[in-house]
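Enquirer: here you go, sequence then predicted model.
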Amino acid sequence: MREKGVTSLLILIGIILVMVFAGIGYYTNKSLHFLPNLNKPDKSLHFLPNLNKPEILWQSKKIDDLELYAFSYANGLIYVYNTNPASEEASPIVVIDSKTGEEKWRIPMRNYISSDNPFIVQGDTIFFADTKFYSKQVFLAIDNKTGEERLRIDAGSSPYPSIGEFLVAENSVFLSNSSYLYSINAQTGQEQWRTTQPLTKGLVAPPILSNNSLFLLTTEGLYALDSKTGQEKWKYKIIQSGFLFTPPVIAKNTVYFKINNKDLFAVDATTGQENWRFSLLQDIVAGPVVENDTVYVKTESKIYAVDGETGKEIWVLDIGDRAPWDLAINNGVLYFKKSYGFCFDVCTKFSLHAYDVKTRKEKWSFDPSGMVRGLVVNKDEGVVYVFSPVPGFDLYGHLYGLR
């Protein structure tokens, strides 16, 4: 009896051991099986802010006698101007040294300059559209030191019923109104040519010029004109339904532009043939900007990097809600603003960020007073200029040169 009991016990132990080893073998073999995953790689990047700050090259003295809202850079100088046409007397343009932040001189002004297409500096001449009473009434060229008038084109009189977007290049002013584009000699004011057919509802962004071709973005699409004669080369026709218009850009014989707020297009600059289009779910509020065959656009909460040749998404950076309408790139660094703090209806606190597109990490952020206005990049020197108001005063404050 005892031997049978021992034998039964050994058989039971053997059965248990077989089951244990069989289970181990099953799970071991299962872990070695390759189970393919059909999911695509995630191209989304999460914005991870750091505490690094930029090098502050200079801080200007507080500009408290101007209602500063915008400024421009040209030829080593920063031009600060007033955009409030409510006062009786327009403030002068303040000219600041871009290397030191020191004021150099002031230009007497009796006019008001648009913040949408503020002015263009060519040599010692400033070209701009007068915007008194919020209407572009006069196009002017003035001396950049004395303010002396050198060229004047009055709207309201034939053939210029109104003044719209403009470009100054090749000693010519390319000036639009509600229907036509004109080429005007920048020295004499003489008309050189005008378009023979009306541009329906006019331009929605300033023209761009490349290789003797003018590219015009209208509500009906993109036009290419011969800059010497005004003759149409081609037209890429598509109806616009959006309202957030940004200028087109050209790189490597390709024109990049957005239409209908959510669509980014690439068109061959020579033929007008569409290369690709890239559609988004949110409105594009800034861009496109292009560098090293990559196109960048910004929505209210994301920045997209798109392959300039194929139109394929490279990556998308989530930067949060209600980011302001600023985007610039220089030497692999993307500059943009983002809101922070609580936004009930309108965000009032914005910080400036520098983002390395190669490492896909933030380099630095800047918000000395809880608000940053304007964004101008000096690409030759790799310097960024921004304005930050004094707390409690939206339009009075300091300009900064950052790197």
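Expert: Received the coordinates, thanks. Fair warning: this is a prediction, and the values are worked out from it, not measured in the lab.
Enquirer: what residues are up against Glu152?
Expert: No, residue 152 isn't Glu; it's Arg. The contact partners of Arg152, by CB atoms under 8 Å, 6 or more residues apart in numbering, come to 138-141, 189. Placement of C-beta: from N, CA and C, glycine included.
Enquirer: all strands for the stretch 151-300 of the chain, in order.
Expert: Here the stretch 151-300 of the chain has its strands, by DSSP state E, counting those that start in this stretch, at 166-169, 172-176, 181-185, 191-194, 208-210, 213-218, 221-226, 232-237, 249-251, 254-259, 263-268, 274-279, 284-291, 294-299.
Enquirer: residues touching stretch 204-217, excluding its own?
Expert: So stretch 204-217 is contacted by 117, 165-167, 169-170, 174, 176, 181, 199, 203, 218-219, 222-228, 233, 240, 245-250, 255, 257, 269 (CB under 8 Å, 6+ apart).
Enquirer: select only the buried ones of the residues you listed in PyMOL?
Expert: Buried residues among the contacts of stretch 204-217 (16 or more other CB atoms under 10 Å), as a PyMOL selection:
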select buried, resi 117+165+166+167+169+174+176+181+199+203+218+219+222+223+224+225+227+233+240+245+246+247+248+249+250+255+257+269
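Enquirer: now do stretch 55-62, average pLDDT.
Expert: The average pLDDT within stretch 55-62 is 88.
Enquirer: do stretch 333-351 as well
Expert: 70.
Enquirer: dump the strands of the stretch 151-300 of the chain into a markdown table; add distance to Arg152 as well.
Expert: A markdown table is the format used below for these (distance: least, CB to CB, whole Å):
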| stretch | distance to Arg152 |
| --- | --- |
| strand 166-169 | 14 |
| strand 172-176 | 12 |
| strand 181-185 | 11 |
| strand 191-194 | 14 |
| strand 208-210 | 23 |
| strand 213-218 | 23 |
| strand 221-226 | 25 |
| strand 232-237 | 29 |
| strand 249-251 | 31 |
| strand 254-259 | 32 |
| strand 263-268 | 36 |
| strand 274-279 | 41 |
| strand 284-291 | 34 |
| strand 294-299 | 38 |
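Enquirer: can you redo the ones you listed as TSV with mean pLDDT and distance to Glu313?
Expert: Formatted as TSV, those follow (pLDDT from 0 to 100; distance: least, CB to CB, whole Å):
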stretch	mean pLDDT	distance to Glu313
strand 166-169	90	31
strand 172-176	89	34
strand 181-185	91	35
strand 191-194	92	41
strand 208-210	94	25
strand 213-218	90	23
strand 221-226	91	23
strand 232-237	92	23
strand 249-251	96	18
strand 254-259	91	15
strand 263-268	94	11
strand 274-279	94	7
strand 284-291	92	14
strand 294-299	94	10
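Enquirer: for the ones you listed, which one sits closest to Tyr355?
Expert: strand 294-299 (10.0 Å; CB to CB).
Enquirer: can you name the element that comes right after the closest one?
Expert: strand 302-307 (DSSP states H and E).
Enquirer: next up, phi/psi of the nearest residue to Glu170 once chain neighbours are set aside, please.
Expert: Excluding the flanking residues, the one nearest Glu170 by CB to CB, 6 or more residues apart in numbering is Ser227, at 6.8 Å. The phi and psi values for Ser227, taken as degrees, to the nearest 10, are phi -70, psi -20.
Enquirer: taking the contacts of Arg152, please make a ChimeraX selection of just the buried ones.
Expert: Selection command for ChimeraX covering only the buried members of the contacts of Arg152, criterion 16+ other CB under 10 Å:
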select :138,139,140,141
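Enquirer: out of the contacts of Arg152, who's nearest Leu77?
Expert: Ala141 (16.8 Å).
Enquirer: and that closest one, which helix or strand is it part of?
Expert: Going by DSSP H and E, Ala141 is part of strand 138-143.
Enquirer: what pairs with that strand, and is each one parallel or antiparallel?
Expert: strand 125-130 (antiparallel), strand 149-154 (antiparallel) (DSSP bridges).
Enquirer: of all those, which lies closest to Ala328?
Expert: Nearest of the strands paired with strand 138-143 (CB to CB): strand 125-130, 21.7 Å.
Enquirer: same question for that closest one, mean pLDDT?
Expert: 84.
Enquirer: quick one: it to strand 172-176, angle?
Expert: 10 degrees (axes from the mean of the first three to the mean of the last three CA atoms, to 10 degrees).
Enquirer: send the alpha carbons of strand 125-130 over as PDB?
Expert: Only the C-alpha atoms of strand 125-130 are listed here, as PDB (Å, rounded to 0.1, in the frame of the first residue of the first chain):
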ATOM      1  CA  THR A 125      13.700 106.900 -49.400                       C
ATOM      2  CA  ILE A 126      10.700 105.600 -47.500                       C
ATOM      3  CA  PHE A 127       7.700 104.500 -49.400                       C
ATOM      4  CA  PHE A 128       4.300 104.100 -47.700                       C
ATOM      5  CA  ALA A 129       0.500 104.500 -48.000                       C
ATOM      6  CA  ASP A 130      -1.100 107.100 -45.900                       C
END
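Enquirer: what would the strands paired with strand 138-143 look like in JSON lines with distance to Thr100?
Expert: Putting those into JSON lines (distance: least, CB to CB, whole Å) gives the following:
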{"stretch": "strand 125-130", "distance to Thr100": "21"}
{"stretch": "strand 149-154", "distance to Thr100": "28"}
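Enquirer: which one, of those, ends up nearest to Gly382?
Expert: strand 125-130 (25.4 Å).
Enquirer: leaving out the residues flanking it, which one is nearest to Gln197?
Expert: Nearest non-adjacent residue to Gln197 (CB to CB, 6+ apart): Glu232, at 7.4 Å.
Enquirer: contacts only, for the one you found.
Expert: 195, 197, 223-226.
Enquirer: from those residues, which is closest to Gly397?
Expert: Tyr223 (40.7 Å).
Enquirer: burial count for the closest residue to Gln190 other than its chain neighbours?
Expert: Closest residue to Gln190 apart from its sequence neighbours, by CB to CB, 6+ apart: Ile184 at 6.9 Å. Neighbour count for Ile184, taken as other CB atoms under 10 Å: 22.
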